Structure formats: structure tokens, C-alpha cells
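Visitor: model the following, please.
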Amino acid sequence: MNMLKIVAVPMHREGRKFVAIFAVVTLGLALVWEPLFWLGVGATIWCYYFFRDPVRVIPQQPGLVLSPADGIISLIEDIIPPEDLGLGNKPLQRVSVFMNVFNCHVNRAPISGKITQVIYHHGKFLNASLDKASEHNERNSLAIEVSEGVQIGVVQIAGLVARRIVCFVKPGDTVDVGHRFGLIRFGSRLDVYLPVGVSPLVAVGQTAVAGETILADLSDPQRQRAGTQV
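Guide: Just a heads-up that it's a prediction; the model follows:
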């Protein structure tokens, strides 16, 4: 791990109080036992690293659906989307991105559009890599209207360690692709529900970078020939 790269990356404002708490505890540990102090220093650096907010190069081609999170593509499957998203009752392609505690946890809008739904659900804190986490875990569901009749669903899901979902947008807001819309503390998953007829361009096990990795392309000619226009 290159420490210079860590300290050179800006930190999201949501992390300031946590880094401050870690630093204060570390100073207290210095009065107890020096080895504990150095452990505290390491934990404080990790906390800063967790809340890093690096600059991303956002592809600007219209119709691209980008990864909303850093992590690993953990699941790709056809499944009926949550009812509250308003995406219908037919199975859609769902792409899940699993974030561990070392990934950047700032979430970015997968596509430009208008926020039509933001619905928070209380729930359990199962391992976010499990399929049933989409239904049983604490989560925050968003629907983004790309154009008339075309919507993308995005669900922030808390995990085994995560205990706080943060969302910065509300219904009626307009977001640009790559726009920061939230984060999850400390380890979690995001699900993206693609429109009917859209196939993922990623594979399970692939590493995803928020705001850069292309999950799908709504302007795919094959999709347009199938009768679903963007």
C-alpha cells in the first residue's frame, strides 16, 4: 500500500468526525502503552483511507450505466425488482457490487437523470455478499428516471459491518452521471436494476470502479432493435 497515495487523496466530509475520534483515542492510548499508540495510528490512517474520495474520470457517452461503487461484481441475475422502486413486476437484470472495508465507499450515480424515488428500509445486517441481503438487510432504494419510460434502480444495502447508510439526494433532484449521491459505513453492497432488454457488460468477479466501470449501455443497437428506445 503506497502511503503517499493515501494521504494525497481527499477525504469525504462524512469521515471527518470519525477520523477525529480515532485520533483522540490514539492520543489517549499513548498515555497507556506505546505499542497501543502505534496501533491507534494505524487505525486512524485506515479510517482516513476508508473515507477517501478520489477524483474519477467519468465517461460522458450518453446511455452508459456506470458502477455506483468500488468493489467486486458479486452477482448478476434476472430478478423482480423491489416493488417500491416502481420498475414493474417483470424480472430485470440486477448487477450487484460488493464493497469490503478497504474499498472507497462513496457512491456515485450510475447515470444522469431525475430521482423519482428514495425509500429507506430498516432491516437485518447479514453478510452483504449473500443474495438474500437484497431482501432482508437494511437498505435505501432509489429510482432514477433517464427518459420517459426508462428508469434505473439503485439500492444501497448495509452489510455485516455496515451500520449506517447515508444518502444525499431526495425525490425531484436531478443527478449527473458520476455524481456523489451517498455512502455506506463500513462495508456493504449496491444493486443496480437495468431496464428491460439491457444486458450487463461486466462479469461476476470483475473489479468495478465507481463512476468509471461501464456496467451496461442503454444505447446498444440490439436493445433498440428489440423495441426499447432510450
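
Visitor: can we go C-alpha only for contacts and neighbour counts from here?
Guide: Fine.

Visitor: which stretches in this protein count as helices?
Guide: Here the chain has its helices, by DSSP state H, at 3-8, 16-30, 34-50, 133-136, 221-225.

Visitor: what about the residue lying closest to Ile119 once chain neighbours are set aside, neighbour count?
Guide: What sits nearest to Ile119 in space, not counting adjacent residues and going by C-alpha to C-alpha, 6 or more residues apart in numbering, is Ser141, at 5.1 Å. The burial count assigned to Ser141 is 21, neighbours taken as other C-alpha atoms under 10 Å.

Visitor: Ser141 and Gly153 touch, don't they?
Guide: Yes: Ser141 lies in contact with Gly153 (C-alpha atoms under 8 Å); the separation is 7.4 Å.

Visitor: what touches both of these two?
Guide: Common contact partners of Ser141 and Gly153 (C-alpha atoms under 8 Å, 6 or more residues apart in numbering): Leu85.

Visitor: measure Ser188 to Ala69 for me?
Guide: To Ala69, Ser188 is 10 Å away according to C-alpha to C-alpha, to the nearest Å.

Visitor: again, but for Trp46
Guide: 19 Å.

Visitor: with neighbour numbers in mind, choose between the two.
Guide: Comparing Trp46 with Ala69 by other C-alpha under 10 Å, the one with more neighbours is Ala69, at 32 against 17.

Visitor: can you check the pLDDT for Arg223?
Guide: On the pLDDT scale, Arg223 is placed at 48.

Visitor: oh, I was asking about Val106
Guide: 90.

Visitor: the strands in this protein, which residues?
Guide: 64-66, 71-79, 92-99, 106-108, 113-121, 139-147, 150-158, 164-167, 174-175, 180-185, 188-193, 207-208, 214-217 (DSSP state E).

Visitor: report how many residues lie close to the nearest residue to Ile165 once chain neighbours are set aside.
Guide: Spatial nearest neighbour of Ile165, excluding adjacent residues (C-alpha to C-alpha, 6+ apart): Ile184 at 4.6 Å. When neighbours are counted by other C-alpha under 10 Å, Ile184 registers 25.

Visitor: out of the helices and strands in this protein, which is least certain?
Guide: Lowest on mean pLDDT, DSSP states H and E among the helices and strands of the chain sits helix 221-225, with a mean of 46.

Visitor: all set now, cheers.
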